[in-house]
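>>> Predicted model and sequence below, questions to follow.
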Amino acid sequence: MKPTRRINSPADHHAGFRSARRAVMALICMHIIVASWVFVGCSTDGNTSLLQDITNADTTNDFGLSDVDTVEADSEVASSPDILVDTDDNLVDIKSETDLGNSSDIGDEYPPAINRTFPEEFLFGSAVAGFQVDMGCPTLSSAQCDDTQSDWYQFSTDPETIAKPGNYLSGQDPAKVGPGHWELYENDYDLAKDVLHNNAHRFSVEWSRIFPTATDGTNGYDALKAIANQDAIDHYHKQLQSLRSRGLEPLVTLNHYTLPIWIHDAVGCNNNIKTCSPKGWVDKDRTVNEIAKFAGFVAKEFGAEIDLWATLNEPFAIVLPGYIYPQPDRTNPPSVALALEEARTVLLALIYAHARMYDAIHENDTIDANGDNVGASVGVVYAMAPVRPKNPQNQLDIEAAKNVFYLWNMVFLNAVALGQLDDNLDGVSEPVADLANRMDYIGINYYTRITVEGTETSALPALSPLATFNPFTLEPWEDYPRGIYEMIQIVDQDLKLPTIVTENGSDTKESSRGAGDGETVAASYLTRHLAWVHQALAEGADVRGYFYWTLLDNFEWNHGMDIRMGLFAVDPDNPTKTRVMREAASVFGEIAKNKLISVQQQQKFRKDQ
């Protein structure tokens, strides 16, 4: 049979060489915008020098996975309700919806205004990441508080990287302006329990804290324990005990972007990605091996206190702003432009890292910490986004929406959830045995929907034949709460996996997500999205929790403390790092306490009220 492309659900073509480069820039830009938490729109003309580089780039460079053959269609694939396209681009089967993920006739803006009760076991929590919240302790010494051994700390504080305009760094030092959670975690967990009425909390264990020196050649738990940072281990045990004593179920992320400096020289690689060493994820085999070791060690050390694990956070937020298109919305070390060969290697490394970390966690965490008869539940955290056609009556726009949805959402998820690798980003995938059956749930980070306009042919066939969209009319950052429902349905129906909403939140400042007072915008954003989470749950989707981003104002990567998304405000200039409750905290606390979104709450936070 013919090889078949599977597009699990869902952009005027500009002829010529130069337009193809512009298209690639916009595709990259789209990825970075969605993966980022920053609410600044992406502009195709915002970085003139990089645009010139892209338009002059060599198109023979290919961004994708290598050495993967086609897979032949079988009866299961052929009967799928998803979109199937054969190698001649003839439509075999297609969903009737023009917006990706739409699987219900209910309204587009709001679900029915009914009292929405969540199950007793549903997890309500907030999320943080270690690098973003730990440092900046009010009274602890730097040696006790700060983690200076990560690539992100090196990248964001080194005078050389700060001085380069193309790195877009705030110049702020997290050791000075950070919220000091490493010291104040007891207070913060009191807020999570007593004010937010949460029963769960998501945070990350930092690889560079546990192993500030290299683990190459060291194998086995006992040997690794001998070289680990015992103070950091003891501190994490105290944090976990503090969470458990308050009835807060920990969801632990093992890699929230950062790498130890013995794995990645961020400054050296920012200067020259070809000659630097060590190269982080570009050193694929080494980094995958060592991070699997780290995952296994942490699982054995803390398995009696943790059941919920996430391997990686938003992998594309490493690949795209790190190796292809750093720009003001988001940079990530090493922050190099158009390193396409390295980007391909990093993507593959992240896919295999998840699989090897999954295996290591299940091998080493066999203890049921919360009495649910499951020793470990392991997932990945991924930023999903629905895509819609600019003109729902235009076939080119419809096809573009399907293609962009697949490229953005399903290429990575199919690999890590189903073991299906798409080698040329053309929808043709091959089963890979040691990737399959290594996912217990998908963590969805959800913020926005994208609108695209279609083109007759791919703007860059060397990248993907599915890149059929107009980069100059791309519309990101739509406030579209229903999209969280649609993404849950994709995970539930297509990937056949449970969902945990691992991030969802809004800046507290006025932003493109809504008009008016920023705190009210955030409270409205929270309520409207949670109502759609409940709608998916009520229709039978397996949704197990919702974690708001974020508990505290924190160090938002290259922006420092200039983005304020916390349920609790933190003034970086206040030496005590006092927490101040925002309106969204009160709203979230009431919902979590009652496990209910009332009709009154839904009506209050309608955008048209």
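Yes, it's here.
>>> chain center to the strand or helix carrying residue 445, what's the gap?
Using DSSP states H and E, residue 445 maps to strand 441-446. Distance, stretch centre to chain centre, for strand 441-446: 8 Å (CA atoms, centre = their mean, to the nearest Å).
>>> What lies in contact with that strand?
Here strand 441-446 makes contact (CB atoms under 8 Å, 6 or more residues apart in numbering) with 310, 313-314, 377, 379-385, 413, 417, 483-484, 487-488, 491, 495, 497-504, 529, 544, 549. The way it works is simple: take the backbone N, C-alpha and C, and place the C-beta from them, glycine included.
>>> same thing with stretch 490-502?
Residues contacting stretch 490-502 (CB under 8 Å, 6+ apart): 8-9, 81-82, 100-101, 103, 123, 127, 202, 251, 308, 310, 379, 381, 384, 409, 413, 417-418, 439-446, 484, 488, 533, 536, 540-547.
>>> can you rerun that using 7 Å?
Here stretch 490-502 makes contact (CB atoms under 7 Å, 6 or more residues apart in numbering) with 8-9, 82, 101, 127, 202, 310, 379, 381, 413, 417-418, 439, 441-446, 484, 488, 533, 541-547.
>>> Among those residues, name the buried ones.
For the contacts of stretch 490-502, a neighbour count by 16 or more other CB atoms under 10 Å gives the buried set as 8-9, 82, 101, 127, 202, 310, 379, 381, 413, 417-418, 439, 441-446, 484, 488, 533, 541, 543-547.
>>> Can you flag which of those belong to helices?
Among the buried ones among the contacts of stretch 490-502, the members falling in helices (DSSP state H) are 413, 484, 488, 533.
>>> closest to residue 292 among the residues you listed?
residue 413 (20.5 Å; CB to CB).
>>> Tell me which residues touch residue 210, please.
Applying CB under 7 Å, 6+ apart, we find residue 210 in contact with 228, 229, 232, 233, 294, 298.
>>> how many neighbours does residue 190 have?
Here the count is done by other CB atoms under 10 Å, and residue 190 has 14 residues near it.
>>> can I assume it sits in a strand?
No - counting by DSSP: H, G, I helix; E, B strand; the rest coil, residue 190 is not found in a strand; it is helix.
>>> Which pLDDT value goes with it?
With respect to pLDDT, residue 190 has a value of 98.
>>> ranges for the strands of the stretch 451-600 of the chain?
475-478, 499-503, 543-549, 568-570, 579-581, 596-597 (DSSP state E, counting those that start in this stretch).
>>> and what of the stretch 101-250 of the chain?
Counting by DSSP E, counting those that start in this stretch, the stretch 101-250 of the chain has strands at residues 116-117, 123-127, 200-204, 249-255.
>>> okay, those in JSON lines with mean pLDDT and distance to residue 267 next?
Listed next are these as JSON lines, based on pLDDT from 0 to 100; distance: least, CB to CB, whole Å:
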{"stretch": "strand 116-117", "mean pLDDT": "98", "distance to residue 267": "49"}
{"stretch": "strand 123-127", "mean pLDDT": "98", "distance to residue 267": "29"}
{"stretch": "strand 200-204", "mean pLDDT": "99", "distance to residue 267": "23"}
{"stretch": "strand 249-255", "mean pLDDT": "99", "distance to residue 267": "20"}
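>>> Take the ones you listed and write them to JSON lines, including distance to residue 451.
Converted to JSON lines, those look like this (distance: least, CB to CB, whole Å):
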{"stretch": "strand 116-117", "distance to residue 451": "28"}
{"stretch": "strand 123-127", "distance to residue 451": "27"}
{"stretch": "strand 200-204", "distance to residue 451": "30"}
{"stretch": "strand 249-255", "distance to residue 451": "31"}
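>>> Let's test this: mean pLDDT of stretch 288-302, rounded?
Averaging the model's pLDDT scores along stretch 288-302 yields 98.
>>> Show me the shaky parts of the protein.
For the chain, the stretches flagged by pLDDT under 70 are 1-107, 459-463, 509-517, 608-609.
>>> got the contact list for the residue positioned nearest the centre of it?
By CA atoms, centre = their mean, the chain has its centre lying nearest to residue 314, at 2.7 Å. Residues near residue 314 by CB under 7 Å, 6+ apart: 35, 381, 382, 383, 445.
>>> what do you get for residue 391?
For residue 391, the contact set (CB under 7 Å, 6+ apart) comprises residue 397.
>>> what secondary structure does it sit in?
coil.
>>> thinking again about what came up before, and the furthest pair within the contacts of residue 314?
For the contacts of residue 314, the farthest-apart pair by CB to CB is 35 and 381; their separation is 10.9 Å.
>>> if we can go back for a sec, which stretch among the strands of the stretch 101-250 of the chain comes nearest residue 153?
strand 200-204 (14.1 Å).
>>> Show me the contact partners of that closest one.
Contacts for strand 200-204 (CB under 7 Å, 6+ apart): 123-130, 192, 243, 248-253, 256, 502, 545, 547.
>>> longest helix anywhere in the protein?
As assigned by DSSP H, the longest helix anywhere in the chain is helix 340-364.
>>> Any buried residues in that helix, and which?
Neighbour count says helix 340-364 has 340, 342-362, 364 buried, by 16+ other CB under 10 Å.
>>> How about residue 311: what's its closest non-neighbour residue?
Of all residues not flanking residue 311 in the chain, residue 357 sits nearest, at 4.3 Å (CB to CB, 6 or more residues apart in numbering).
>>> The one you found reaches residue 295, doesn't it?
Yes - between residue 357 and residue 295 a contact is recorded at 4.0 Å, counting by CB atoms under 7 Å.
>>> Find residues that contact each of the two.
Joint contacts of residue 357 and residue 295 (CB under 7 Å, 6+ apart) are 254, 311.
>>> contact partners of stretch 550-560?
37-38, 126-128, 132-133, 156, 168-170, 172, 174, 177-179, 181, 188, 192, 330-331, 505, 561, 563-570, 579.
>>> what about dumping the CA coordinates of that stretch to PDB?
Output of stretch 550-560 as PDB, limited to C-alpha atoms (Å, rounded to 0.1, in the frame of the first residue of the first chain):
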ATOM      1  CA  THR A 550       2.100  30.900  38.400                       C
ATOM      2  CA  LEU A 551       2.100  31.000  42.200                       C
ATOM      3  CA  LEU A 552       4.500  34.000  42.500                       C
ATOM      4  CA  ASP A 553       5.900  36.800  40.300                       C
ATOM      5  CA  ASN A 554       9.200  35.200  39.200                       C
ATOM      6  CA  PHE A 555      12.200  35.500  36.900                       C
ATOM      7  CA  GLU A 556      10.700  35.200  33.500                       C
ATOM      8  CA  TRP A 557      13.800  34.000  31.700                       C
ATOM      9  CA  ASN A 558      15.300  36.700  29.500                       C
ATOM     10  CA  HIS A 559      12.800  39.200  30.800                       C
ATOM     11  CA  GLY A 560      13.800  38.900  34.400                       C
END
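>>> quick one on the thing from earlier: what lies in contact with the longest helix of the chain?
Helix 340-364 is contacted from outside by 61, 63-66, 254, 273, 281-282, 284, 287-288, 291-292, 295-296, 299-300, 303, 309, 311-312, 315, 318-319, 323-324, 376, 378, 380, 412, 415-416, 434-435, 438, using CB under 7 Å, 6+ apart.
>>> Stretch 224-231 now?
209, 210, 211, 212, 213, 215, 218, 293, 297.
>>> buried set for that stretch?
So for stretch 224-231, counting by 16+ other CB under 10 Å, buried means 224, 228, 229.
>>> again with stretch 263-279
Result for stretch 263-279 [16+ other CB under 10 Å]: buried residues 263, 264, 265, 266, 267, 268, 269, 270, 273, 276, 278, 279.
>>> Pull the contacting residues for the closest residue in space to the last one that isn't next to it in sequence.
Of all residues not flanking residue 279 in the chain, residue 269 sits nearest, at 6.0 Å (CB to CB, 6+ apart). With contacts defined as CB under 7 Å, 6+ apart, residue 269 is in contact with 276, 279, 334.
>>> Run a quick check on the first one versus residue 268, I expect a contact.
Yes - contact status for residue 276 versus residue 268: in contact at 3.8 Å, counting by CB under 7 Å.
>>> Quick one: end-to-end distance for stretch 158-178.
End-to-end distance of stretch 158-178 (CA to CA, to the nearest Å): 17 Å.
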